[in-house]
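Undergrad: What follows is a predicted structure for the sequence shown.
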Amino acid sequence: MQWSDVFATRNARMKASEIRELLKLLDQPDIISFAGGIPDPELFPAEAFSKALATAMQPGQAKVALQYSVSEGYRPLREWIAGRMADLGVSCDADNILITSGSQQALDYLGKLMLSPDDTALVTWPSYLGALGAFNAYEPRYARLDPFSNESPELLKAQAGAAGGAIKFAYLSPEFANPTGETLSLAGREALLDQAEALGIAIIEDAAYQSLRFDGDSIPPILALDVARNGGIEKTRTIYCGTFSKTLSPGLRVGWVCAAKDVIGRLVLMKQAADLHSPTLNQIATNDVARALFDEHVNRLRTVYSARRDRMIAALEREMPANVHFTRPEGGMFIWVTLDPSIDAAELLARAVRDARVAFVPGGAFFADGSGRNTLRLSFSCASDQQIDEGIRRLGEMLKAPAAR
């Protein structure tokens, strides 16, 4: 059997995630890894989840937890999320919320919902690798998202039309973005809403790191600004994707979409066709834990992660050559590093793992056009102080060596 003869053409756009492959390095105990953008497992609220799961399995309650459920998701959890969205300036109700298997599933559904082959998706440059992977299956063209671009809407539309499709949405992570750690300003968010209105497109707001602000002033979500402009969520063009993966647990795979009911209704149809519903037991446990300790737990994460960010920035300032530049995020899990243009970060990674036993993610994977070869992403979320100091010292030595130039 020649399987390639029966595979759809979209398979040519599907590639292995460099991040998922690099996570295998975590099994090697002598590797200092700044690669995986994952939460520290030592900080999981394991005891709270243990109690919640035990409660869900009590006689009477287990019949709900173990049974099929509605595709929209466990209503008490959707109600809790709607309350949190209201705190962020988005007045909505449970029917504006769809529970997904992590926000990654939401990105896949939104690509399926809006992209036909050769349509254009506006994405940040660089952009979250998982989003590019989700959208790739639907064979889009990518163009650079720039809220302050001088290019006219007519020109952007004409370019998309010449490529055989239309512009469908702008995708971005406005808070402490993966991979750069950067945050889009209030002016940038307002400009993006203006641009999206002029183009007649949707905005996908990936808010995976919304809760992990360490310092600086909070900025309203794009969806909140959209609601304020238009007088209610049903009149908005922004689709907000949230997740518990960076706060409570990635393994339970509980995320959500908050949007106008017209959008939610379409996504529910996709959910019904794909996996019927996300695991009810996981949703019940997440609801119980979120109601019991979400704010307290997130405050603990902020304290720990902000100290690690500070440690890594201090190490970079101390160890990196003068021609290396890096971001200074106000939250999240990542620092973005720009090397001398002559250095290929993928080649540097091979040498770093072999000779220095240090891992990171090469930046080229985050660019839709494969550029950015002289960039890399560092994650500080799972590294100890000693690992940060030693790992950055080793990388600095490599970059200062003549072979690196």
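TA: Cool, the structure landed.

Undergrad: could you say what helices and strands the helix or strand Ala290 falls within packs with?
TA: Element membership for Ala290, per DSSP states H and E: helix 280-319. The helices and strands touching helix 280-319, judged by 3 or more C-beta pairs under 8 Å, 6 or more residues apart in numbering; DSSP states H and E, are helix 46-56, helix 62-65, helix 75-87, strand 334-338, helix 385-400. C-betas here are computed from N, CA, C, even on glycine.

Undergrad: most packed of the ones you listed?
TA: Mean neighbours per residue, mean count of other C-beta atoms under 10 Å, is largest over these for strand 334-338, with a mean of 23.

Undergrad: In terms of secondary structure, what does it contact?
TA: Strand 334-338 sits against helix 280-319, strand 325-326, strand 375-379, with contacts defined as 3+ C-beta pairs under 8 Å, 6+ apart.

Undergrad: coming back round to it: CSV please, covering the helices and strands packed on helix 280-319 and showing distance to Val353 and mean pLDDT.
TA: CSV is the format used below for these (distance: least, C-beta to C-beta, whole Å; pLDDT from 0 to 100):
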stretch, distance to Val353, mean pLDDT
helix 46-56, 31, 98
helix 62-65, 43, 96
helix 75-87, 40, 98
strand 334-338, 16, 98
helix 385-400, 11, 97
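
Undergrad: Go through those and name the closest to Thr120.
TA: strand 334-338 (25.1 Å; C-beta to C-beta).

Undergrad: returning to what we had before: so which of the helices and strands packed on strand 334-338 is nearest Thr120?
TA: Nearest of the helices and strands packed on strand 334-338 (C-beta to C-beta): strand 375-379, 24.0 Å.

Undergrad: what's the closest one in contact with?
TA: Here strand 375-379 makes contact (C-beta atoms under 8 Å, 6 or more residues apart in numbering) with 34-38, 126, 178-180, 312, 326, 333-339, 345, 348-349, 360-364, 366.

Undergrad: now do 6 Å
TA: Residues from elsewhere that reach strand 375-379 (C-beta atoms under 6 Å, 6 or more residues apart in numbering): 34, 37, 179, 333-335, 337-338, 345, 360-363.

Undergrad: So for it, mean pLDDT?
TA: Mean per-residue pLDDT for strand 375-379: 97.

Undergrad: how much does that strand deviate in direction from strand 334-338?
TA: 160 degrees (axes from the mean of the first three to the mean of the last three C-alpha atoms, to 10 degrees).

Undergrad: Just give me the neighbour total for Leu376.
TA: The number of residues packed near Leu376 is 30, by other C-beta atoms under 10 Å.

Undergrad: Residue numbering should commence at 443 henceforth.
TA: All set: I'll call the first residue 443, so the last point we hit is now Leu818.

Undergrad: partners of it in the sheet?
TA: Val779, Pro804 (DSSP bridges).

Undergrad: ok, now how distant is it from Val766?
TA: 10 Å (C-beta to C-beta, to the nearest Å).

Undergrad: And Leu718, by the same measure?
TA: Taking C-beta to C-beta, one finds Leu718 at 49 Å from Val766.

Undergrad: wait, which of the helices and strands packed on strand 776-780 is closest to Val448?
TA: helix 722-761 (34.4 Å).

Undergrad: List the buried residues for the closest one?
TA: By neighbour count, with 16 or more other C-beta atoms under 10 Å as the criterion, the buried positions of helix 722-761 are 722-732, 736, 739-740, 743-744, 747-748, 750-751, 753-755, 757-758, 761.

Undergrad: Looking at it now, give me its mean pLDDT.
TA: pLDDT averaged over helix 722-761 gives 98.

Undergrad: now swap in stretch 444-458 and tell me
TA: Rounded mean pLDDT across stretch 444-458 is 76.

Undergrad: contacting residues for Cys700?
TA: Met527, Asn538, Ile539, Tyr682.

Undergrad: cool, and Trp522?
TA: So Trp522 contacts Asn729, Ala732 (C-beta under 6 Å, 6+ apart).
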